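Asks: Sharing a model that was predicted from the sequence below.
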Amino acid sequence: MEPHPQNAARLAQALREFGFPALAEEAHRFAEPDRMATLGTPPLQIDVMTSITGVTFEEARAGRVVANMGEVQVPFLGPEELRRNKRASGRPKDIADLALLAELDPAGGEP
């Protein structure tokens, strides 16, 4: 999510509705860059982040891909933005993901 007070307030409301009242009380911190919270436990887990490496919020928004999940539209990083993020992160898992992405879409570029 883009770090902004209005988005932090919307996040607080969503956290309350989904059963995370303690985190909702701290949601004002999501108006700042470089904030993250992990909700749930594997395999049902999501990360809420106000920034990622290698891609600005504007770039992520411009290249996003939207998927329909029932009646809800969910935006995801587009393929190029995902690759840039994984390259910039540089973790072994991200490097392995880049290799898998290259196998799925060789035209997408080198890992």
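Replies: It's in.
Asks: what ranges do the helices span in this protein?
Replies: 5-17, 21-25, 57-63, 79-89, 92-104 (DSSP state H).
Asks: wait, which of these is closest to residue 73?
Replies: For these, proximity to residue 73 was assessed by C-beta to C-beta; helix 57-63 is nearest, at 13.8 Å. All C-beta atoms are positioned from the backbone trio N, CA, C, and that covers glycine.
Asks: was I right about residue 9 contacting residue 27?
Replies: Yes: with contact defined as C-beta atoms under 8 Å, residue 9 counts as touching residue 27 (7.4 Å).
Asks: Who has more neighbours out of those two?
Replies: Neighbour count, other C-beta atoms under 10 Å: between residue 9 and residue 27, residue 27 has more, with 22 against 14.
Asks: Point out where this structure drops to low pLDDT.
Replies: Residue ranges of the chain with pLDDT under 70: 109-111.
Asks: rerun that using 90 as the cut-off
Replies: For the chain, the stretches flagged by pLDDT under 90 are 1-3, 40, 104-111.
Asks: Contact partners for residue 15?
Replies: Neighbour list for residue 15: 21, 23-24, 27 [criterion: C-beta atoms under 8 Å, 6 or more residues apart in numbering].
Asks: From residue 90, how far out is it?
Replies: 30 Å (C-beta to C-beta, to the nearest Å).
Asks: same check, this time on residue 108
Replies: Applying C-beta to C-beta to residue 108 and residue 90 gives a distance of 18 Å.
Asks: How about residue 40?
Replies: 26 Å.
Asks: just residue 4 next, same as before
Replies: According to C-beta to C-beta, residue 4 and residue 90 sit 28 Å apart.
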